[in-house]
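[1] Quick one, structure for this:
(one chain, ligands or ions: 1)
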Amino acid sequence: MRNSKSYALQLDARDPLHHYKKEFYFPPKTIYMDGNSLGLLSKRAEKSLLETVKSYKLFGIDGWLKGDNPYFYLAEKLGEMTAPLLGALPEEVIVANSTTVNLHQLLATFFKPKGKRTKILADEFAFPSDIYAIKSQLFFHGLHPDKHLVLVKSRDGKIIYEDDIISSMTDEIGVIILPTVIYRNGQVLDVNLLTQEAHKRGIIIGFDACHSIGVIPHNFHKQGVDFAFYCNYKYMNGGPGAPAGLFVHKKHFGKVPALAGWFSSAKDTQFDMSHEFKPAKNAGAYQIGTPHILSMAPLLGALELINEAGIDRIREKSLDLTGYMIKLIDSELAGMGFSIASPRSSKARGGHVALQHKEAARICKALKEKGIVPDFRPPDIVRLAPVPLYRSFSDVFEVVQSIKKIMMNKDFLKFKNEREVVA
Ligand SMILES: *Cc1c(COP(=O)(O)O)cnc(C)c1O
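    Below is the predicted model of the structure:
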């Protein structure tokens, strides 16, 4: 009964967020399961983009102070709108730069190797761009990553254990950079525990929230997290190239950002055009140059939608969707060579499910041919993200049925088991 379409439809009928699906555009004839790589466009995000374009048409340079959303305050306004998603104070969040640039900015500011404390701690599953940024920051200080980048290993090749992270927090670590949710396996790390343990040892800790923002609630201010950075084009649905965001805890306000520019300035004195730099006394100080207004504009609508749906309800539905998906995979795909690389407990499960199979690359291609959009992460992971705002229980049902068909008919064999240029 649980493995039937009618059961899925019953779950949809009971879902309080089901109607939000109508607010999104979908690539024709697809079940899009890749919202953790690039979220889809909502009608509200399209509207706020077009309104901003209209403001540009109408006001030209005066758009910086005129119109419904003056450009000069847009980064701050979006920061304020994002704060509830991070459990932050409004002035602790700013939308600016790209995710990777924000990591550079934050490390340049917070990583001050001194005496024995010359190392950065991260994990072996970290997103490559984060690792490149960390390594280049180490090189910048004349420190070689072979010696000064400590990567926590996974004991079993699947999960990163908090205990292992904590036992790597030595007095040689200056800064810790960890994901809130690991992008490959969808594992949630215990931010509260890790922050307390880092602080007991005098270590600064920052989180990459790319795979949790918009799908999982956070509590960064109360937990005392030092800083965080995140992406706006995944679960936030801000569109390709949407500027990223960052959080800096209030206790660090007044620090001078290492990578300064005129938009790091206190807003009331920025246009004095003085060569004497006066940074903003909040997260705004971590901006650098002119904000990418047109790329930020869709976020106005996207954030309105997420805040209206409510992050707690989004998380609840997300867990229901991924839990349902895991149950279906266990029963429908048994004996077909799949294993679930994501944690099964709801506490440790993020917004997506990582399905492991040795033919993963070509299973993904076969799925795409059938109109299902997953993504592939080498060497053997199919990631499926049932985004709560626009995916339903019947979508999850259809996806698992399609995988089953592909395996039974061996449809994947006609593709090569290798990834595309963009996977
Ligand atoms: C998506 C993602 C990034 C992307 O960084 P950009 O600067 O936006 O390209 C970085 N880290 C993680 C963990 C991500 O998931």
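[2] Which parts of the stretch 101-250 of the chain are helices?
    128-140, 145-148, 162-167, 191-200, 220-223 (DSSP state H, counting those that start in this stretch).
[3] check contacts around the most centrally placed residue in the chain.
    Nearest to the mean C-alpha position of the chain, by CA atoms, centre = their mean, lies Cys210 at 1.7 Å. Taking CB atoms under 8 Å, 6 or more residues apart in numbering, we find Cys210 in contact with Thr99, Phe127, Pro179, Val181, Tyr183, Tyr230, Cys231, Lys234. For the C-beta atoms, the positions are set from N, CA and C on the backbone; glycine is no exception.
[4] Of those, which belong to strands?
    In strands, defined here by DSSP state E, the members of those are Pro179, Tyr230.
[5] near the ligand, from the contacts of Cys210?
    Restricting the contacts of Cys210 to those within reach of the ligand (CB under 6 Å from any ligand atom) leaves Thr99, Phe127, Pro179, Tyr183, Cys231.
[6] Grab the nearest non-local neighbour of Lys368.
    Spatial nearest neighbour of Lys368, excluding adjacent residues (CB to CB, 6 or more residues apart in numbering): Pro374 at 7.7 Å.
[7] count of residues packed around Thr290?
    Using other CB atoms under 10 Å, the number of residues around Thr290 comes to 11.
[8] change the start of the numbering to 370 and stick with it
    All right, first residue 370 from here; so that's Thr659.
[9] doesn't Phe632 make contact with it?
    Yes - Thr659 lies in contact with Phe632 (CB atoms under 8 Å); the separation is 6.3 Å.
[10] I'd like the domain boundaries of this protein, if you could list them.
    For the chain, automatic domain parsing gives the domain ranges 374-401+679-783, 418-677.
[11] possible to save those as a markdown table with distance to Leu409 and mean pLDDT?
    As requested, the domains of the chain are arranged in a markdown table below (distance: least, CB to CB, whole Å; pLDDT from 0 to 100):
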| stretch | distance to Leu409 | mean pLDDT |
| --- | --- | --- |
| domain 374-401+679-783 | 5 | 96 |
| domain 418-677 | 6 | 97 |
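[12] Show me which residues of this structure sit near the ligand.
    467-469, 496, 498-499, 548, 552, 577, 579-580, 600, 613.
[13] Enumerate the positions of the longest helix along the chain that are buried.
    Taking DSSP state H as the criterion, the chain has its longest helix at helix 680-701. Buried positions in helix 680-701, judged by neighbour count with 16 or more other CB atoms under 10 Å: 680, 683-691, 693-695, 697-698, 701.
[14] about what we covered before: just the buried residues of the residues of the chain next to the ligand.
    Buried among the residues of the chain next to the ligand by 16+ other CB under 10 Å: Ser467, Thr468, Thr469, Phe496, Asp499, Pro548, Tyr552, Asp577, Cys579, His580, Cys600, Ala613.
[15] got a list of contacts for the helix or strand containing Leu419?
    Of the helices and strands defined by DSSP states H and E, Leu419 is found in helix 412-428. Here helix 412-428 makes contact (CB under 8 Å, 6+ apart) with 392-394, 432, 435-438, 606-608, 662-663, 666-671, 673-674.
[16] Among the contacts of Cys579, which one sits closest to Ser711?
    Val550 (9.9 Å; CB to CB).
[17] how many neighbours does that closest one have?
    Neighbour tally, Val550, other CB under 10 Å: 27.
[18] and it, bridged to which residues?
    Val557 (DSSP bridges).
[19] rewinding a little: using a markdown table, please lay out the domains of the chain together with distance to Glu789.
    Supplementary listing: the domains of the chain in a markdown table, determined by distance: least, CB to CB, whole Å:
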| stretch | distance to Glu789 |
| --- | --- |
| domain 374-401+679-783 | 8 |
| domain 418-677 | 17 |
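[20] Same question for the strand or helix carrying Val768: list its buried residues.
    Using DSSP H and E, Val768 sits in helix 762-778. Residues Phe762, Ser763, Asp764, Val765, Phe766, Glu767, Val768, Val769, Ser771, Ile772, Ile775, Met776 are the ones in helix 762-778 that count as buried (16+ other CB under 10 Å).
[21] could you dump the residues you listed to JSON lines with distance to Gly484?
    What follows is the buried residues of helix 762-778, written out as JSON lines (distance: CB to CB, whole Å):
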{"residue": "Phe762", "distance to Gly484": "55"}
{"residue": "Ser763", "distance to Gly484": "59"}
{"residue": "Asp764", "distance to Gly484": "54"}
{"residue": "Val765", "distance to Gly484": "53"}
{"residue": "Phe766", "distance to Gly484": "58"}
{"residue": "Glu767", "distance to Gly484": "58"}
{"residue": "Val768", "distance to Gly484": "53"}
{"residue": "Val769", "distance to Gly484": "55"}
{"residue": "Ser771", "distance to Gly484": "57"}
{"residue": "Ile772", "distance to Gly484": "54"}
{"residue": "Ile775", "distance to Gly484": "57"}
{"residue": "Met776", "distance to Gly484": "57"}
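[22] Most widely separated two among the residues you listed?
    The two members of those with the most space between them (CB to CB) are Phe762 and Met776, at 21.7 Å.
[23] quick one on the thing from earlier: tell me which of the buried residues of helix 680-701 is nearest to the ligand?
    Ser687 (16.6 Å; CB to the nearest ligand atom).
[24] so who does the residue lying closest to the closest one once chain neighbours are set aside touch?
    Nearest residue to Ser687 in three dimensions, chain neighbours excluded: Pro757, at 4.6 Å (CB to CB, 6+ apart). Going by CB under 8 Å, 6+ apart, Pro757 touches Leu386, Val584, Ala678, Ile683, Arg684, Lys686, Ser687, Leu690, Gly720.
[25] Roughly how far does Pro757 sit from Leu378?
    Distance from Pro757 to Leu378, counting by CB to CB, to the nearest Å: 17 Å.
[26] Same check on Phe622?
    Note on Phe622: its distance to Leu378, by CB to CB, is 51 Å.
[27] Over to Asp384. Which of the three states is it?
    Three-state assignment for Asp384 (DSSP: H, G, I helix; E, B strand; the rest coil): coil.
[28] neighbours around it, how many?
    Residues lying near Asp384 (other CB under 10 Å) number 19.
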